[in-house]
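Student: sequence-free structure coming up:
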């Protein structure tokens, strides 16, 4: 875009996300794999899992054999994604990186194995899902959410950001939008009042697995699951943000419809009741911020009674964070009738000599 190019040639690994601005040609390269060692490792690990109940042998003299059965009876035809049984193990042959974490989340209902061709090792990545679940629990307790724009070229990123904002507003929470370029720890550390960041990026770039970040960084799907306290997780995991926009809009529509309906006092108390946080081990009050219409209505009713006993009247995240800080800036509790310090003349001169130094007049 900066050079008015008509096409982009990408060398190396790519997540193959759809680009909305211009065509892209890919040159992936080749990674050497020790096929014999890979097969031996997989056979030793999957021997008990792989089952084959039918064998067909042919005489080496005969150039044609009639097995007498149909092709479907071999049960070796690969089914589609929705038809693969959950008991089937899956193998990812790739170097360590975001691709392995991507498959371990999306295909979490299958036994997954990772074969690393660089050091010829076979492992089972199982800790990724537990780490992401812990981040979702932290996002559930957040009241201020930061939306980080991690891409400007992937298709549908603007509509996804709009869906995220709408969902956050429906949950009566506060959000801020950031365009920071490449993500790193110092950039996000500048915004300590943000409880959780949601990264809108391609599937492989959105999985930030680093303990150096002060606040958790989650995906749009993880944020939607964290905010929806009533639903239960079915095991489905989506990393492509283009697939969650409609789901978030539907969730926001249901919440806005509930806010518009008249509910009983008991139902309203149930919605506002505290919930148990798995992160802190205590009950957490639901942070329900007022919308713009309610804020304007409350401002009309505000009157300043006593400056010494000011109280927080609006549920504003900025006011809440300011009240929790030890240092709030200049002291405003000084009485107005007290005179300020008298102004006196200071010293003057330059670095070679000032008026108050010996021998200077």
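Tutor: Sure thing, it's come through. Just so you know, these numbers come straight off a predicted model, no measurement behind them. Residues are numbered from 1 along each chain as shown.

Student: any chance you could map the helices in the stretch 1-150 of the chain?
Tutor: Shown for the stretch 1-150 of the chain, the helices assigned by DSSP state H, counting those that start in this stretch span residues 35-46, 98-106, 127-140.

Student: now, of those helices, which is deepest in the fold?
Tutor: Most buried of the helices of the stretch 1-150 of the chain, by mean neighbour count (mean count of other CB atoms under 10 Å): helix 98-106, with a mean of 20. Heads up, the C-betas are built off the backbone N, CA and C, glycines and all.

Student: ok, residues contacting that one?
Tutor: Helix 98-106 is contacted by residues 13, 15, 90, 92, 94, 112, 114, 125-126, 128-129, 132, 203-205, 207, 209, 237-239 when judged by CB atoms under 8 Å, 6 or more residues apart in numbering.

Student: switch to 6 Å and redo it
Tutor: Contacts with helix 98-106, where a contact means CB atoms under 6 Å, 6 or more residues apart in numbering, come from 92, 112, 114, 125, 128, 203, 204, 207, 237.

Student: Am I right that the last one is in a strand?
Tutor: No - residue assignment for residue 237, taken from DSSP: H, G, I helix; E, B strand; the rest coil, gives coil, which places it outside any strand.

Student: Counting neighbours, what do you get for it?
Tutor: Residue 237: 19 surrounding residues under other CB atoms under 10 Å.

Student: distance of the residue lying closest to it once chain neighbours are set aside from residue 46?
Tutor: Spatial nearest neighbour of residue 237, excluding adjacent residues (CB to CB, 6 or more residues apart in numbering): residue 105 at 4.7 Å. Residue 105 sits 21 Å away from residue 46, going by CB to CB, to the nearest Å.

Student: Then residue 123?
Tutor: Distance from residue 123 to residue 46, by CB to CB: 14 Å.

Student: Please identify the buried residues of stretch 246-256?
Tutor: 247, 248, 249, 251, 252, 255 (16 or more other CB atoms under 10 Å).

Student: Among those residues, which are located in helices?
Tutor: Among the buried residues of stretch 246-256, the ones falling in helices (DSSP state H) are 247, 248, 249, 251, 252, 255.

Student: which residues of this structure score low on pLDDT?
Tutor: The chain contains residues with pLDDT under 70 at 1-2, 20, 48-83, 210, 230, 259-273, 285-319, 331-341, 359-361.

Student: all strands for it, in order.
Tutor: When assigned using DSSP state E, the strands of the chain occupy the ranges 8-11, 24-27, 90-93, 112-116, 121-123, 144-149, 174-178, 196-200, 217-218, 275-276, 283-284, 349-350, 353-354.

Student: pretty sure residue 18 contacts residue 157?
Tutor: No - between residue 18 and residue 157 there is no contact under CB atoms under 6 Å: 10.3 Å.

Student: quick one, which of those two is more surrounded?
Tutor: Legend: neighbour count by other CB under 10 Å for residue 18 and residue 157, higher for residue 157 (21 against 12).

Student: In contact with that one, which residues are there?
Tutor: Residue 157 sits next to 151, 200 when contact means CB under 6 Å, 6+ apart.

Student: And it, how far from residue 357?
Tutor: Residue 157 is 64 Å from residue 357, by CB to CB.

Student: cool, and residue 116?
Tutor: 72 Å.

Student: what does residue 277 give?
Tutor: As for residue 277, its distance to residue 357 is 63 Å (criterion: CB to CB).

Student: neighbour-wise, which of these two wins?
Tutor: residue 277 (14 against 10).

Student: doesn't residue 139 make contact with that one?
Tutor: No - using CB under 6 Å as the test, residue 277 is too far from residue 139 to be in contact (11.4 Å).

Student: Tell me how many other residues surround the closest residue to residue 235 other than its chain neighbours.
Tutor: Distances taken as CB to CB, 6+ apart put residue 109 closest to residue 235, at 5.1 Å, once the chain neighbours are dropped. Using other CB under 10 Å, residue 109 has 14 neighbouring residues.

Student: cool, residue 141 as well?
Tutor: By other CB under 10 Å, neighbour count at residue 141 equals 17.

Student: just the one 3 residues further on next, same as before
Tutor: A count of neighbours around residue 144, defined by other CB under 10 Å, yields 21.

Student: Distance check, it against residue 174.
Tutor: Distance from residue 144 to residue 174, by CB to CB: 5 Å.

Student: Going along the chain, name the helices of the stretch 201-350 of the chain.
Tutor: Ranges of helices in the stretch 201-350 of the chain, per DSSP H, counting those that start in this stretch, are 220-227, 245-260, 265-272, 292-300, 317-324.

Student: What's the end-to-end length of stretch 213-225?
Tutor: Distance across stretch 213-225, first residue to last, is 21 Å (CA to CA, to the nearest Å).

Student: Would you mind listing the buried residues in that stretch?
Tutor: For stretch 213-225, burial by neighbour count (16+ other CB under 10 Å) applies to 215, 216, 217, 218, 219, 220, 221, 222, 223, 224, 225.
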